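1. what's the 3D shape of this:
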Amino acid sequence: MNSSLFDPNNHVPEVTSDDSWGDAPDFHSETAVSPSVLPPRRSVTDRTSSPGAASADVAGIGLRIESNYTRGEATDSPQRLEVQEIGGSVYRLEDSMPTPPKVARQLTFHEKPIFKKRGENLTGEGRDWGKAPRQPKRWLVGIGLGVGVLVVSLLMVLPAINAPSTLQAHPEAGILSVVNEEKIVGMDALNLLLTKQPEAMEIFQTYARASQPDEVLPRIRDGQALTDTLHGSWHPLGISKSWIPSADSTWTVLDLANHPCAILSGDFPDHSKFTAYFINQGNQLQLDWKATTAFGTASFGQLAENQGDGHEIRGLISNAEYYSATWPEADYQCYRFVAPDEKTSIWCYARRGEPAEEAIGPLLNKGEIVQEAQSSQKITLRLEPGPSGALPNQWFIREMLHIDWVSP
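-> Modelled structure (predicted):
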């Protein structure tokens with residue numbers, strides 16, 4: 001070793017005479033215990049003949065198959081199969097249920113059906129296929145006569161059926177007497193107005209085309225009495241001479257406080273609306289000019305300035321709450337009275353408990369049965385100027401002339 005590489009802190013100790021660097025004493029001993037024990041090795045003489053050797057011996061012979069093959073151990077003798085013969089008696093299992101006896105087949109004779117020959121009443125896929133057979137005329141006549149007889153019989157029996165309901169026992173004599181139904185007032189007039197629409201359209205066509213009131217005066221209600229009024233208040237509508245009211249115009253028949261009337265509503269050529277009132281007077285249909293034009297003895301512009309005559313004013317009335325010291329709520333009921341064109345309005349007051357307030361109140365107030373009030377109502381009033389201290393557009397209602405704009 002090179003002394004120059006000596007390290008005092010890490011060096012190999014010196015070799016002494018007692019050191020033994022050979023194998024362990026028992027390393028070559030046969031009695032040493034090994035973790036895995038192998039069987040002793042056999043010698044060459046103990047080997048049996050290998051298949052290779054046997055094949056070498058018979059190489060010249062080839063493949064040979066023997067029938068008396070035995071096991072490799074010489075000590076074993078051939079074993080044979082022992083067969084035991086079963087006795088000749090055999091036990092057969094019988095069915096638990098007996099086989100039902102065979103029933104002889106029974107034959108029934110059926111005659112061949114007889115086909116009916118094609119007759120006149122049979123329909124098939126021929127020329128008359130899909131066509132219903134025609135019934136003789138005598139059947140149709142008989143059915144008609146039977147229905148007629150049935151209807152006539154019912155009509156004859158009907159009075160006898162209704163007799164118990166139309167008879168009333170007399171309290172003194174104890175006999176039965178017929179009670180006639182009360183005739184409905186105004187029903188004939190309403191039924192007559194229902195058929196007057198074509199005539200009403202012709203009258204209104206003449207009125208709309210007229211440039212002077214004399215052209216339509218004979219067809220206006222109370223035309224002779226209104227001659228001066230018509231000439232003073234006449235305003236031509238300026239409708240073309242060829243204009244005809246549309247067939248879609250509405251014809252409505254009303255009964256206003258037992259006063260039958262009818263209303264014709266439609267459109268002018270400029271698509272503006274018109275409403276014309278008609279009544280039957282002397283069995284002749286006439287145009288109510290005052291109701292149609294909403295005539296008033298004063299305009300709402302005049303009434304707003306506390307001017308004009310309030311003798312006959314037509315408009316729309318509704319409830320209001322505009323009270324003052326001059327018109328206290330405890331003494332008056334306030335109403336808003338609007339012009340027919342709905343452009344101008346005034347305030348009107350009716351004294352509580354007087355006929356005017358009692359007549360207008362049910363039209364606008366809620367009832368006990370019908371809990372709905374009308375927002376406004378067409379009405380005709382007689383007005384008077386208010387007391388001292390009232391505003392110019394505040395008027396006193398002296399009388400309600402009639403509901404709506406048609407006078408009785």
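
2. Kindly list the longest helix within the protein.
-> In terms of residue count, the longest helix belonging to the chain (DSSP state H) is helix 137-166.

3. mind showing which ranges of this protein have poor pLDDT?
-> 1-80, 83-91, 95, 115-136, 159-186, 366-374 (pLDDT under 70).

4. Which segments of it make up each domain?
-> Following automatic domain parsing, one gets these domains for the chain: 187-293, 300-403.

5. right, and those domains - which one's nearest P100?
-> P100 sits nearest to domain 300-403 of all those, at 89.9 Å, using C-beta to C-beta. (Each C-beta comes from the backbone N, C-alpha and C, glycine too.)

6. A helix includes I317, no?
-> No - using DSSP: H, G, I helix; E, B strand; the rest coil, the assignment for I317 is strand, not a helix.

7. Okay, it and G386: tell me how far apart.
-> Distance from I317 to G386, counting by C-beta to C-beta, to the nearest Å: 17 Å.

8. if you count what's nearby, which of these two comes out ahead?
-> When neighbours are counted by other C-beta atoms under 10 Å, I317 and G386 differ, and I317 comes out ahead with 22 against 19.

9. can you tell me which residues contact the more buried one?
-> By C-beta atoms under 8 Å, 6 or more residues apart in numbering, I317 lies in contact with Y335, R336, F337, V338, C348, I360, L363, L364, S376, Q377, I379, L381.

10. in the stretch 301-408 of the chain, which spans are strands?
-> Listed in chain order, the strands of the stretch 301-408 of the chain (DSSP state E, counting those that start in this stretch) span 313-319, 332-338, 345-351, 377-385, 394-403.

11. JSON lines please, covering the ones you listed and showing distance to F204.
-> Listed next are the strands of the stretch 301-408 of the chain as JSON lines, based on distance: least, C-beta to C-beta, whole Å:
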{"stretch": "strand 313-319", "distance to F204": "19"}
{"stretch": "strand 332-338", "distance to F204": "25"}
{"stretch": "strand 345-351", "distance to F204": "29"}
{"stretch": "strand 377-385", "distance to F204": "19"}
{"stretch": "strand 394-403", "distance to F204": "22"}
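
12. Tabulate the domains of the chain (TSV), appending distance to T108.
-> Putting these into TSV (distance: least, C-beta to C-beta, whole Å) gives the following:
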stretch	distance to T108
domain 187-293	81
domain 300-403	84
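
13. closest to Q302 among the contacts of I317?
-> F337 (13.3 Å).

14. Looks like that closest one contacts T380 (just checking).
-> No - counting by C-beta atoms under 8 Å, F337 stays clear of T380, with 11.0 Å between them.

15. Now the common contact residues for these two.
-> With C-beta under 8 Å, 6+ apart, F337 and T380 have common neighbours I313.

16. roughly how far apart are D188 and T229?
-> Taken as C-beta to C-beta, the span from D188 to T229 is 31 Å.

17. Which positions in stretch 283-301 come out as buried?
-> 285-296, 300 (16 or more other C-beta atoms under 10 Å).

18. mind listing which of those are in strands?
-> L285, Q286, L287 (DSSP state E).

19. quick one: which of these is nearest to D270?
-> Out of those, the member with the shortest distance to D270 (by C-beta to C-beta) is L287, at 21.1 Å.

20. ok, now which ones touch that closest one?
-> I203, F204, Y207, V216, R219, I220, R221, A276, Y277, F278.

21. farthest-separated two in those residues?
-> Counting by C-beta to C-beta, the most remote pair of the contacts of L287 is V216 and Y277, 14.3 Å apart.

22. Have a look at the two and say which one is more surrounded.
-> Neighbours per residue, other C-beta under 10 Å: of V216 and Y277, the larger number sits with Y277, 25 against 20.

23. pretty sure G315 is touching P340, no?
-> Yes - G315 lies in contact with P340 (C-beta under 8 Å); the separation is 6.1 Å.

24. And the helices in this protein?
-> 51-57, 137-166, 187-194, 197-209, 227-233, 289-293, 300-304, 355-364.

25. Which one of those helices lies nearest to L391?
-> helix 300-304 (9.8 Å).

26. Please write out the alpha-carbon positions of the closest one in CSV.
-> Listed next in CSV are the C-alpha coordinates belonging to helix 300-304 (Å, rounded to 0.1, in the frame of the first residue of the first chain):
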residue,chain,number,x,y,z
PHE,A,300,-124.3,75.0,-23.0
GLY,A,301,-122.0,77.9,-23.9
GLN,A,302,-124.7,80.3,-22.9
LEU,A,303,-125.5,78.4,-19.7
ALA,A,304,-121.9,78.5,-18.7
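
27. related to what we said a few turns ago, which one of D188 and T229 has more residues nearby?
-> T229 (15 against 12).

28. What are the neighbouring residues in contact with that one?
-> Counting by C-beta under 8 Å, 6+ apart, T229 has contacts F295.
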